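Chemist: Sequence and predicted model, in that order:
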Amino acid sequence: MLDGWNVNRSYRGMSAEQRLADRRERLMTAAYTLYAKPGFAATTIERLCSEARISNRAFYECFGGREELLQALHERCVEESLAVVAKALQEAPATLDDRVRAGIRTYIEFATADWRRARIMHLEVRRSGDVLTASRQRAVDSFARLVEEAAAEFPQPAQPNRRLVALGAIGALQELLIEWLLAEEPPTIDELVGVAVHIFGRSLGAP
């Protein structure tokens, strides 16, 4: 039984499974805005439910709590970002410099195209405390593998540990995006791209 309805019964043309998926998606949409601002810590389950137009009971049929919802939202943002960057790397000319430029510009433009995505991936991931520690580590590891794979075809003499280089460059990119989010006079997207390309290019040995 779900909200008093048999799981095999339809309601307003939707099955119980479809209703559950719809509620889950509405909560994800509400959290996308509220977790970005005012932020995870300031957003209650009651406010999420009000924004999504569902009951508190329905919330717990979709997620175990605010933390689980944040994890799901963060993972979706990461998956979408990884997909667009991987596509850009595949389509870029086969030089290290071109791949660095394509991957960096694509990521920065995608992250900044929606301020909510940028805040969730680069601010709330830190402000949420231990909630996203594992999720953040998985995300960093996935992006580091992309960087390593992109650079693997272009070995450099006496190159340091490629994974550590990738992790360091990713950390620098995260700080650049936090500056864009919080600075009174934020840098332009072209400035962000230029600096990030410089950091990644020098780190990976691109000309």
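Modeler: Right, received. Where do you want to start?
Chemist: Going by C-alpha atoms from here, please, whenever you check contacts or count neighbours.
Modeler: Fine.
Chemist: Verify the assumption that Thr43 is located in a strand.
Modeler: No - checked against DSSP: H, G, I helix; E, B strand; the rest coil, Thr43 lies outside a strand; its state is coil.
Chemist: Next up, phi/psi of it, please.
Modeler: In this entry, Thr43 is assigned phi and psi values of phi -100, psi 120 (degrees, to the nearest 10).
Chemist: Check the gap between it and Leu96 for me.
Modeler: As judged by Cα to Cα, to the nearest Å, Thr43 and Leu96 stand 43 Å apart.
Chemist: Compare neighbour counts for the two and give me the winner.
Modeler: Leu96 (21 against 16; other Cα atoms under 10 Å).
Chemist: Can you tell me the closest non-neighbouring residue to that one?
Modeler: Ala206 (5.8 Å; Cα to Cα, 6 or more residues apart in numbering).
Chemist: Check the secondary structure at the one you found for me.
Modeler: Going by three-state DSSP: Ala206 is coil.
Chemist: Correct me if wrong: it contacts Asp98.
Modeler: No - Ala206 is beyond contact range of Asp98, at 9.0 Å (criterion: Cα atoms under 8 Å).
Chemist: Now list whatever residues contact both of these two.
Modeler: In terms of Cα atoms under 8 Å, 6 or more residues apart in numbering, Ala206 and Asp98 are not both contacted by any residue.
Chemist: The worst-scoring helix or strand of the chain on mean pLDDT: what's the following helix or strand?
Modeler: Across the helices and strands of the chain, the lowest-confidence element by mean pLDDT, DSSP states H and E is strand 10-11, at a mean of 48. Sequence order places strand 14-15 as the next helix or strand after strand 10-11, per DSSP states H and E.
Chemist: Kindly point out the strands partnered with that following strand and how each is oriented relative to it.
Modeler: Here strand 14-15 is paired, per DSSP bridges, with strand 10-11 (antiparallel).
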